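A.B. asks: sequence and predicted structure, then a few things I'm wondering about:
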Amino acid sequence: MSAATADTGACPYVVGEDLARFSDEQARAWLGLLHAHRALTRELDAALDARYGLSLSGLEVLGRLAEQPDRQQRLTQLATASGLTLSRVSRLIGDLERRGLVERRPCPEDARAINAWLTDAGRALAREAQASHAADVQRRVFDRLDDEHLRALGEAFELLVPFTA
């Protein structure tokens with residue numbers, strides 16, 4: 001425990017005398033998670049934007065469309081699958097549509113719904129951007145972790161938020 005936290009019982013995450021405290025170990029883990037997420041997201045987002053004019057969310061939407069057998073999906077399903085709001089997905093689709101990467105099409109099963117359809121240009125860009133993004137993730141994350149760290153990190157995150165594909 002540092003001298004500053006030993007005197008006050010405070011941790012670097014919380015300010016104020018009447019607030020709950022984390023132990024130094026908890027604060028290190030929590031702040032590490034927040035800082036790593038923020039820094040990696042910014043770096044990866046900036047790299048995608050500079051190379052392809054895409055955000056991480058934009059790449060995810062293109063990838064989700066690419067994995068569909070007919071390269072299309074309802075906007076509501078895209079929102080649910082990606083964890084984004086329907087409004088955010090709609091704006092992303094609008095941006096991608098203006099670039100000729102997707103098209104909005106009526107849903108054949110429900111005339112009230114709209115599908116996003118991935119164009120050939122969108123599919124080509126998604127493939128190229130995903131390959132570049134995977135290389136960036138490899139370099140920025142996986143190359144820095146040995147097998148033991150990677151296994152522990154995966155297990156810890158699985159305990160916090162179980163992943164289902």
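C.D. replies: That came in fine, so what should we check first?
A.B. asks: can you pull out the strands in the chain?
C.D. replies: With strands called from DSSP state E, the chain shows them at 72-74, 102-106, 114-118.
A.B. asks: out of the ones you listed, nearest to residue 159?
C.D. replies: With CB to CB as the criterion, residue 159 lies closest to strand 72-74 of the strands of the chain, at 30.5 Å. C-betas here are computed from N, CA, C, even on glycine.
A.B. asks: confirm for me that residue 63 is in contact with residue 128.
C.D. replies: No - using CB atoms under 8 Å as the test, residue 63 is too far from residue 128 to be in contact (11.9 Å).
A.B. asks: higher neighbour count, those two?
C.D. replies: With neighbours defined as other CB atoms under 10 Å, residue 63 and residue 128 compare such that residue 63 has more, 16 against 12.
A.B. asks: list the contacts for the more buried one?
C.D. replies: Residue 63 is in contact with 126, 130, counting by CB atoms under 8 Å, 6 or more residues apart in numbering.
A.B. asks: quick check: it vs residue 132, distance?
C.D. replies: Residue 63 sits 13 Å away from residue 132, going by CB to CB, to the nearest Å.
A.B. asks: equivalent analysis for residue 90, please.
C.D. replies: 26 Å.
A.B. asks: same check, this time on residue 113
C.D. replies: Taken as CB to CB, the span from residue 113 to residue 132 is 33 Å.
A.B. asks: same check, this time on residue 96
C.D. replies: With CB to CB as the criterion, residue 96 and residue 132 are 17 Å apart.
A.B. asks: which of the two has more neighbours?
C.D. replies: Neighbour count, other CB under 10 Å: between residue 96 and residue 132, residue 96 has more, with 25 against 15.
A.B. asks: that one against residue 59, yeah?
C.D. replies: No - if you go by CB under 8 Å, residue 96 and residue 59 don't touch, sitting 10.3 Å apart.
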